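Q: Below is the structure, and that's it, no one-letter string:
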């Protein structure tokens, strides 16, 4: 990881893609971070008050803003071209998860950033959840015996009307599920392998609404259950059984429980991401980890698909 660094003046930033995640998380984090100044927004369907707004990145770049960086919050399909254009314009780039639609696209973007000497940050916001770092530290001194992941949420609540998420490249239930994999691969670094996957794809759609996966991290068995039609209380849990007790991360990593002792902290995922991006820009560094994306790609490759009734909003 890059060491912390701060610019003498704020990083002049444009946000590209003004959807739910940008409005819920990015805009607030940017506004509260003195390292950044939001000067422009790019969206086909929305505007951000108080800054210049553009339809696409070509229009943004043609406007001649004195920009330093962009934060890309568009759906993953098409993100590669946006990132490449930004890098060609001499800008540093931060990307919402997943970083792109394919592994080869991420590799191309990273190689372009290296050649251009620009910073690139492929973010995994769930790794910034309050319980993740202490969970990793606690597990480092123990022998892990088993991992169980249960990630169940309601697509209608978190992605209302967003048809792209069930199309090719939209990831379906892996859009939230990749958050679980980003946490798991952070707290348990090692050789992760997907052995089996069962995918439930709604009729007429391309991406699954549910998935069950068997993996290993080294010799550790890992099971993951992802559900995108879960009503009632939402569930984002990872349970790790060890020779020295049981660890549980819940609420997406915000709550850490070890043998019944609970620790909870304020959500600071996106402020943490922007602090890291500022440090990367200051040190001309890059942070690109594709492990969670690789596991999702492997699940699609080995997955056995079952067609389920058509999904409608």
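A: Alright, I've got the coordinates. These numbers were taken from a predicted model, which means no experiment stands behind them.
Q: Could you list the low-pLDDT ranges of the stretch 1-150 of the chain?
A: 1-7 (pLDDT under 70).
Q: can you give me the strands in it?
A: Taking DSSP state E, counting those that start in this stretch as the test, the strands found in the stretch 1-150 of the chain are 11-16, 36-42, 52-54, 69-72, 92-95, 120-122, 144-152.
Q: Over to the stretch 201-313 of the chain?
A: 210-217, 220-227, 235-242, 245-250, 255-258, 261-264, 286-287, 304-308.
Q: Generate JSON lines for the ones you listed, with mean neighbour count and distance to residue 274 as supplementary columns.
A: C-betas here are computed from N, CA, C, even on glycine. Below are the strands of the stretch 201-313 of the chain laid out as JSON lines (neighbours: other CB atoms under 10 Å; distance: least, CB to CB, whole Å):
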{"stretch": "strand 210-217", "mean neighbour count": "20", "distance to residue 274": "30"}
{"stretch": "strand 220-227", "mean neighbour count": "20", "distance to residue 274": "28"}
{"stretch": "strand 235-242", "mean neighbour count": "20", "distance to residue 274": "22"}
{"stretch": "strand 245-250", "mean neighbour count": "19", "distance to residue 274": "23"}
{"stretch": "strand 255-258", "mean neighbour count": "20", "distance to residue 274": "23"}
{"stretch": "strand 261-264", "mean neighbour count": "11", "distance to residue 274": "22"}
{"stretch": "strand 286-287", "mean neighbour count": "17", "distance to residue 274": "13"}
{"stretch": "strand 304-308", "mean neighbour count": "12", "distance to residue 274": "38"}
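Q: Of these, give the one that comes closest to residue 129.
A: strand 245-250 (7.6 Å; CB to CB).
Q: Sheet partners, orientation included, of that closest one?
A: Strand pairing for strand 245-250, using DSSP bridges, gives strand 235-242 (antiparallel), strand 255-258 (antiparallel).
Q: Spatially central residue in this protein, please.
A: Central residue of the chain (CA atoms, centre = their mean): residue 97, 2.8 Å from the mean position.
Q: if we can go back for a sec, which of the strands paired with strand 245-250 sits closest to residue 144?
A: Of the strands paired with strand 245-250, nearest to residue 144 by CB to CB is strand 235-242, at 5.2 Å.
Q: Run the chain-centre distance for that closest one.
A: Relative to its parent chain, strand 235-242 has a centroid offset of 19 Å by CA atoms, centre = their mean, to the nearest Å.
Q: Repeat that for stretch 148-157.
A: On CA atoms, centre = their mean, the centre of stretch 148-157 falls 15 Å from that of its chain.
Q: neighbouring contacts of it?
A: For stretch 148-157, the surrounding residues in contact (CB atoms under 8 Å, 6 or more residues apart in numbering) are 165, 173, 176-177, 179-180, 184, 209, 222-231, 234-239, 241, 313.
Q: can we see that at 7 Å?
A: The contact list for stretch 148-157 (CB atoms under 7 Å, 6 or more residues apart in numbering) reads 176-177, 180, 184, 222-231, 234-239, 313.
Q: which one of the strands of the stretch 1-150 of the chain is the most hemmed in?
A: Most buried of the strands of the stretch 1-150 of the chain by mean neighbour count (mean count of other CB atoms under 10 Å) is strand 92-95; its value is a mean of 28.
Q: What's the end-to-end length of stretch 42-57?
A: Its first and final residues considered, stretch 42-57 spans 7 Å by CA to CA, to the nearest Å.
Q: about what we covered before: contacting residues for the residue nearest to the centre of the chain?
A: 123-125, 178 are the contacts of residue 97 under CB under 7 Å, 6+ apart.
Q: now with 8 Å?
A: Shown in contact with residue 97 (CB under 8 Å, 6+ apart): 122-125, 178-179, 182, 292.
Q: tell me the two of the residues you listed that are most distant?
A: 122 and 179, at 13.8 Å, using CB to CB across the contacts of residue 97.
Q: ok so, going back, distance to residue 115 for the strands paired with strand 245-250 - can I get that in a markdown table?
A: Putting the strands paired with strand 245-250 into a markdown table (distance: least, CB to CB, whole Å) gives the following:
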| stretch | distance to residue 115 |
| --- | --- |
| strand 235-242 | 37 |
| strand 255-258 | 41 |
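Q: could I get the ones you listed as a markdown table with mean pLDDT and distance to residue 15?
A: Supplementary listing: the strands paired with strand 245-250 in a markdown table, determined by pLDDT from 0 to 100; distance: least, CB to CB, whole Å:
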| stretch | mean pLDDT | distance to residue 15 |
| --- | --- | --- |
| strand 235-242 | 98 | 26 |
| strand 255-258 | 97 | 29 |
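Q: Out of those strands, flag the one nearest residue 134.
A: In terms of CB to CB, the element of the strands paired with strand 245-250 nearest to residue 134 is strand 255-258, at 5.9 Å.
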